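Chemist: attaching a predicted model along with its sequence, questions to come.
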Amino acid sequence: MSTTVEPKKKHTVRNVLLILTGIGVLMFGGCTALVVGAASSVDTAIKESDKADAAEVEDVTDPKIIQDRYLDEAEVTVTNSSSKTSDYSIEVSAENASGSKQYATTFMYIENVKPGQTRTDSTMLDEQVPDDAVITVVDVDRSESL
């Protein structure tokens, strides 16, 4: 009785498929790590931006209306809480006390406010407003002075 030795089977196709699957899993894992890292960076940047925006709004205080016979003015006080000389672009709105009715909106630009410095400025409203109107700070953008 003779025993025949069968030739060793080559599993080339199987091995290639296993290698390609392994590479695909590694690529998927790497891409996932990149996306998660990028999302975390964006989230951190948004949180820092929100903190900066809150600080900008807090720099603007004491909004009030200066009523005149012909032209009313909106007045605000700015205190620079940053470490650099800054310019402020401020949007204010004249509204009724509940905020349900808007009478006028205007913009103010205050330049070269040094760190820790306080400055009060006013700008004309485009309309006369009722005696009970209040000024609300709508938006503040602080930028470094050039």
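Modeler: Structure received.
Chemist: from here on, just use CA atoms for contacts and neighbour counts.
Modeler: Noted.
Chemist: just the strands in this protein please.
Modeler: 60-66, 73-79, 86-95, 102-113, 118-124, 134-144 (DSSP state E).
Chemist: now do the third one: distance to the chain's middle.
Modeler: Just to be clear, that refers to strand 86-95. Strand 86-95 sits 17 Å away from the centroid of its parent chain (C-alpha atoms, centre = their mean, to the nearest Å).
Chemist: also the second one?
Modeler: A distance of 23 Å separates the C-alpha centroid of strand 73-79 from that of its chain, computed with C-alpha atoms, centre = their mean.
Chemist: so which of the strands of the chain is nearest Thr4?
Modeler: The closest of these to Thr4 is strand 134-144. By C-alpha to C-alpha, the value is 86.9 Å.
Chemist: contact partners for Ala104?
Modeler: Ala104 makes contact with Ser93, Ala94, Glu95, Leu125, Asp126, Glu127, Val129 under the criterion C-alpha atoms under 8 Å, 6 or more residues apart in numbering.
Chemist: which of those residues lies closest to Leu26?
Modeler: Closest approach to Leu26 among these (C-alpha to C-alpha): Ser93, at 55.7 Å.
Chemist: in this structure, where is pLDDT below threshold?
Modeler: 1-3, 5, 7, 40-55 (pLDDT under 70).
Chemist: pull the contacting residues for Asp126.
Modeler: By C-alpha under 8 Å, 6+ apart, the contact list for Asp126 reads Leu71, Ala104, Thr105, Thr106.
Chemist: next, count neighbours for the first one.
Modeler: Meaning Leu71. 14 (other C-alpha atoms under 10 Å).
Chemist: quick one: which of the contacts of Ala104 is most hemmed in?
Modeler: Of all the contacts of Ala104, the highest neighbour tally under other C-alpha under 10 Å goes to Ala94, namely 29 neighbours.
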